[in-house]
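> What follows is a predicted structure for the sequence shown.
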Amino acid sequence: MIFHARKPGQPLAKWIEKIWICENYHPSHELEMKLPDASLTWIINLKEDRFRLFEGRRADRRIILPGSIIAGPKSSYYYLDTACQESCVGIRFKPGGALPFLGPLVGELKDIDLPLAEGLGRHSLVNELRERLQETSGSEQRFQWVEQYLLRRLTKKRTVPKGHPAVAYALEMFERAPANAPSIADIADMANLSTERLIRVFKEEVGLTPKKYGSIARFQQSLRMIGEGRTSPNIDMALSGGYYDQSHWYREFRKYANMTPTALLRKEGRIENHIPLA
């Protein structure tokens, strides 16, 4: 597998975490489990104009979508067909970063995969992007073309939606210390908002409620600790991750990963959030 990723230049870096390109992905397994994360990603399949996905957490129920999709933030694990990942380009937005490109649609995309053309409302522009990426050889040219496309999307807008400052502050707190972030009530109070209002604007911009987002951020921190430490999960790891005790950590981890931290540690071939399945 050849994998390239880079952060875009300004002003796109304000909204986009990275643009990535995956080529020649031919794993021996046909199925992967993808662990939940709060990001929203546009994914373009350059090999064929379709994605074979699965309905919810049912590995026996396949659905077919066009070759360019919006993958909304996921609150649970789900399954992927590896054949559709052979040659892809992805645009991973920062939390809340898709708002200038998708507007109010962001708030409706929790656990949803949607055709990109449907989200943008322009089939011709999406087809143009995909065709140009297929015609372009070399990762550098593809990175440049994706950035140009995104910048054109912004310049055609009369106004670029701006997120609420309270949402930006909450996201900063979750990123800085997901295990010890202030409560939603405290953040709302500092922003002079009601808790209900903060929850509503946060979901509109991020696609998840603050509580769910914080829980997933804490889970992702656990994944990083397991990957970095390569030691048996223990009570100290649970407490440093913001959990009450080890049993609390194991319960929440199993909910998100369908296995315990110890079982995940023993898994071979994991690439970030992708876990190969026999």
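Received, thanks.
> Do a quick rundown of the strands in the protein.
2-6, 16-23, 31-34, 40-45, 50-54, 62-66, 68-71, 78-81, 88-93, 113-115, 274-277 (DSSP state E).
> quick one: the most centrally placed residue in the chain and Lys18, what's the gap?
The centroid of the chain falls nearest to Ser39 when counting by C-alpha atoms, centre = their mean (2.5 Å). Per C-beta to C-beta, to the nearest Å, Ser39 is found 10 Å from Lys18. All C-beta atoms are positioned from the backbone trio N, CA, C, and that covers glycine.
> Which neighbours do the two have in common?
Contact criterion C-beta atoms under 8 Å, 6 or more residues apart in numbering; residues shared by Ser39 and Lys18: Arg92.
> residues touching the nearest residue to Lys94 once chain neighbours are set aside, list them.
Ranked by C-beta to C-beta, 6 or more residues apart in numbering and with sequence neighbours excluded, the top spatial neighbour of Lys94 is Glu17, at 4.8 Å. By C-beta under 8 Å, 6+ apart, the contact list for Glu17 reads Lys7, Ser39, Arg92, Phe93, Lys94, Gly97.
> Please check these and keep the buried ones.
With burial judged by 16 or more other C-beta atoms under 10 Å, the buried subset of the contacts of Glu17 is Ser39, Arg92, Phe93, Lys94, Gly97.
> what's the nearest residue to the first one if we skip its chain neighbours?
Distances taken as C-beta to C-beta, 6+ apart place Arg92 nearest to Ser39, at 5.4 Å, with adjacent residues excluded.
> roughly how far apart are the one you found and Arg50?
Applying C-beta to C-beta to Arg92 and Arg50 gives a distance of 21 Å.
> which residues are in contact with the helix-or-strand element of the chain with minimal mean pLDDT?
Here the helix or strand of the chain ranked lowest by mean pLDDT, DSSP states H and E is helix 235-240, holding a mean of 70. By C-beta under 8 Å, 6+ apart, the residues outside helix 235-240 that reach it are Ala179, Ser222, Met225, Ile226, Gly229, Asp245, Gln246, His248, Trp249, Tyr250, Pro261.
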